[in-house]
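*Asks:* Sequence plus predicted model, see below.
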Amino acid sequence: MSQYSGIAPTERLPEWLRRPIGNASDLEAVQGLVKRNRLHTICEEGRCPNRGECYAAGTATFLLGGSICTRSCAFCQVEKGMAPMAVDSAEAERVADAVEAMKLRYVVLTAVARDDLADHGASLFTTTMEAIRARNPLIAIEVLTPDFWGGHPEFERAVAAQRTRLHTVLAAEPVCFNHNLETVKRLQGKVRRGATYTRSLGLLAAAREHKPGIPTKSGLMLGLGENREEIIATMHDLRAVDCQRLTLGQYLRPSLAHIPVARYWTPDEFDELGSIASDLGFQQVRSGPLVRSSYHAAD
């Protein structure tokens with residue numbers, strides 16, 4: 001698209017970003033289970049490069065709220081639209097069926113942004129957590145949420161509504177609350193349409209304040225045009241709101257309709273940034289070209 005510039009889409013990926021898709025039987029087993037239960041996973045919707053490895057291990061990150069997102073972020077493969085499907089009241093039980101069939105002990109739940117709903121999708125997380133725990137209360141559940149923003153033109157009322165939605169999710173006691181900044185402050189408007197850097201930091205801060213026993217986590221995609229100093233500044237901002245876990249991974253362009261890659265960061269650079277993050281006080285850091293928000297989350 002003419003509005004975008006960056007590395008030409010015909011350029012070959014660096015060697016460190018090439019990996020086998022995985023064993024076909026492992027892929028088919030998990031894909032078949034997801035299809036039979038009429039579910040969505042961010043592994044498929046977001047074309048995650050690690051899905052072969054994760055499927056082989058019998059894991060997946062479930063995408064709640066359907067397959068259509070009401071936001072239009074420039075990096076994301078998930079389908080966009082302002083008229084998503086109606087909420088499926090049976091989705092939570094079908095996710096629980098899949099979790100039970102896969103014999104999972106650690107589950108990650110994420111969701112498309114549902115700005116069309118009164119609670120912006122907060123109840124999607126809680127009802128699914130309840131359904132999973134009704135089968136096995138010992139299953140650990142991590143949540144990766146949107147920002148729950150919107151619904152009121154007045155800023156103070158919008159903040160209050162966002163906090164209410166956040167508290168609804170935290171009341172269900174996930175083992176980790178994850179909300180991604182995605183990129184540095186300068187690039188937010190270009191990359192995350194509908195979200196802001198300040199609001200996302202505020203959500204992470206509010207989560208720590210409301211439920212200090214639940215760790216918070218955030219992630220950045222590198223390669224969108226940021227520089228090293230901006231990445232480190234973002235780490236400082238996350239630590240200022242006591243964010244405890246961090247993921248850093250390389251952005252990979254899903255299609256020609258998405259924002260292009262500006263740069264491929266090397267494995268050595270990811271190692272260096274990971275060391276800086278650890279020195280800043282993050283308790284858990286995953287930093288590498290193919291790292292994604294839920295990659296090895298159970299570790």
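*Replies:* Thanks, I have it. The structure presented is a predicted model; accordingly, all values stated were derived computationally and were not measured.

*Asks:* all helices of this structure, in order?
*Replies:* Using DSSP state H, the helices found in the chain span residues 24-36, 42-45, 51-56, 91-101, 122-135, 155-170, 188-191, 197-210, 228-240, 267-280.

*Asks:* quick one: which of the ones you listed has the weakest pLDDT on average?
*Replies:* Taking the average pLDDT of each of the helices of the chain, the minimum falls on helix 42-45, with a mean of 58.

*Asks:* Give me the distance between stretch 128-148 and the centre of its chain.
*Replies:* 15 Å (Cα atoms, centre = their mean, to the nearest Å).

*Asks:* what about K103, neighbour count?
*Replies:* Other residues near K103 come to 8 when the count uses other Cβ atoms under 10 Å. Placement of C-beta: from N, CA and C, glycine included.

*Asks:* what pLDDT does it get?
*Replies:* What the model reports for K103 is a pLDDT of 81.

*Asks:* ditto for the one 5 residues further on
*Replies:* Each residue has a pLDDT score; the one for V108 is 91.

*Asks:* same thing with the one 5 residues further on?
*Replies:* Confidence per residue is given as pLDDT, and for A113 that number is 78.

*Asks:* So it sits against G194, correct?
*Replies:* Yes: counting by Cβ atoms under 8 Å, G194 is a contact partner of A113 at 7.3 Å.

*Asks:* Neighbour count: these two, which is higher?
*Replies:* Relative neighbour count places A113 above the other of A113 and G194, with 27 against 16, counting by other Cβ under 10 Å.

*Asks:* wait, E100 sits on I139?
*Replies:* No: with contact taken as Cβ under 8 Å, E100 and I139 are classed as non-touching, separated by 9.2 Å.

*Asks:* one step back: most tightly packed of the helices of the chain?
*Replies:* Looking across those with neighbours counted as mean count of other Cβ atoms under 10 Å, the highest average goes to helix 42-45: a mean of 22.

*Asks:* who wins for proximity to I68 among the helices of the chain?
*Replies:* Distance to I68, taken as Cβ to Cβ, is lowest for helix 42-45 among these, at 9.9 Å.

*Asks:* Residues contacting stretch 130-141, please?
*Replies:* For stretch 130-141, the surrounding residues in contact (Cβ atoms under 8 Å, 6 or more residues apart in numbering) are 92-93, 95-96, 99-100, 104-109, 129, 172, 174-175, 298.

*Asks:* Let's see that with 6 Å instead.
*Replies:* Contact partners of stretch 130-141, identified using Cβ atoms under 6 Å, 6 or more residues apart in numbering, comprise A92, E93, A96, V99, E100, Y106, V107, M129, P174, V175.
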